[in-house]
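Engineer: Structure of the sequence below:
(chains A, B, C and D)
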Protein chains: 2
Amino acid sequence: MKKKDSVAEVKLSEEQFQAIARALSDPRRFAILRQVAAADGMECASLEEHECISPATISHHMKELNEAGLIEITRVGRGARLFLCRPIFTAYVNRLASI
Amino acid sequence: MKKKDSVAEVKLSEEQFQAIARALSDPRRFAILRQVAAADGMECASLEEHECISPATISHHMKELNEAGLIEITRVGRGARLFLCRPIFTAYVNRLASI
DNA sequence: CTTATACTTCGATAGTCATCGAACGATCCG
DNA sequence: CGGATCGTTCGATGACTATCGAAGTATAAG
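Structural biologist: Residues are numbered from 1 along each chain as shown, chains lettered A, B, ... in the order given. Here you go, the predicted structure:
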């Protein structure tokens, strides 16, 4: 008898687990992730962070989040659409919760 | 109708939330937290980390975990006992999960 | 009292990382 | 074609931090 395994729980490597922890430890990155979670498929250009940090820095954070496996980035036209990889994120949360 | 609020869910400040995220982003600290979670009230001297890092560094990590609100440290005799602050930890996990 | 154990504090160091500006690449529009 | 917009890459820089050894504090034991 199990609970909530409807998505066939992803298995995170130790490396990825730590990469995610690191990715989430930066306030900007977490803010970005929150926005993507709230509006899946949103335009990168719509992120609030464009108000306070440079495009170069935003791009850097995107790369980090992407390499941690937390978001997918799809270029469309001149812009980019952002998608939360919820299975990965959920796997991280569950693993944390289980310590 | 709610779920699992049996501990009267703790409310984390934005500051504490980020402090916890930062605390968890270091592999050593996470390893320490895992050991404490697995053996609440354990002796600091029993941590595996004594095999690989200096007492000074361990003490530093303890301070970080303590200031993030994740562990309590009580001196007893020459040693120190470590306790996981599960309500705080759970509040962090729940807040993460709710994005 | 002296020694040993357990942890803390301090200062220094080396490595990491968020941030930027500048230059570049791609795409859309007129 | 020629701008204009959006994002990426690169190199540099300043800030932060994990780590250490050495010195300090407290406690227990001989």
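Engineer: which bits of chain A sit near chain B?
Structural biologist: Neighbours of chain B within chain A, by CB under 8 Å from any CB of the partner chain: A:18, A:21-22, A:24-25, A:27, A:30, A:33-34, A:37-38, A:90, A:93, A:96-97, A:99. Yep, even glycine has a C-beta here, placed from its N, CA and C like the rest.
Engineer: which two in those are spaced the farthest apart?
Structural biologist: The span of the residues of chain A next to chain B, defined through CB to CB, is set by A:A38 and A:I99 at 27.4 Å.
Engineer: name the element the residue lying closest to A:F83 once chain neighbours are set aside belongs to?
Structural biologist: Closest residue to A:F83 apart from its sequence neighbours, by CB to CB, 6 or more residues apart in numbering or on different chains: A:E72 at 4.3 Å. Assignment of secondary structure by DSSP states H and E places A:E72 within strand A:71-76.
Engineer: Can you give the strand pairings for that strand, parallel or anti for each?
Structural biologist: strand A:79-84 (antiparallel) (DSSP bridges).
Engineer: With neighbour numbers in mind, choose between A:A38 and A:I99.
Structural biologist: Each of A:A38 and A:I99 has its neighbours counted (other CB atoms under 10 Å in any protein chain shown); A:I99 has more, 14 against 10.
Engineer: ok, that one - contacts?
Structural biologist: Neighbouring residues of A:I99 by CB atoms under 8 Å, 6 or more residues apart in numbering or on different chains: B:33-34, B:37-38.
Engineer: which of those residues lies closest to A:E9?
Structural biologist: Among the contacts of A:I99, and counting by CB to CB, the member closest to A:E9 is B:R34, at 19.3 Å.
Engineer: residues contacting that closest one?
Structural biologist: Residues near B:R34 by CB under 8 Å, 6+ apart: A:I99.
Engineer: Would you verify that it is located in a helix?
Structural biologist: Yes: B:R34 forms part of a helix when assessed by DSSP: H, G, I helix; E, B strand; the rest coil.
Engineer: Give me the pLDDT for it.
Structural biologist: If you check B:R34, the pLDDT there is 98.
Engineer: So among the residues of chain A next to chain B, which ones count as buried?
Structural biologist: Among the residues of chain A next to chain B, those buried by neighbour count (16 or more other CB atoms under 10 Å in any protein chain shown) are A:18, A:21-22, A:24-25, A:30, A:33, A:37, A:93, A:96.
Engineer: Fine, thanks again, bye for now.
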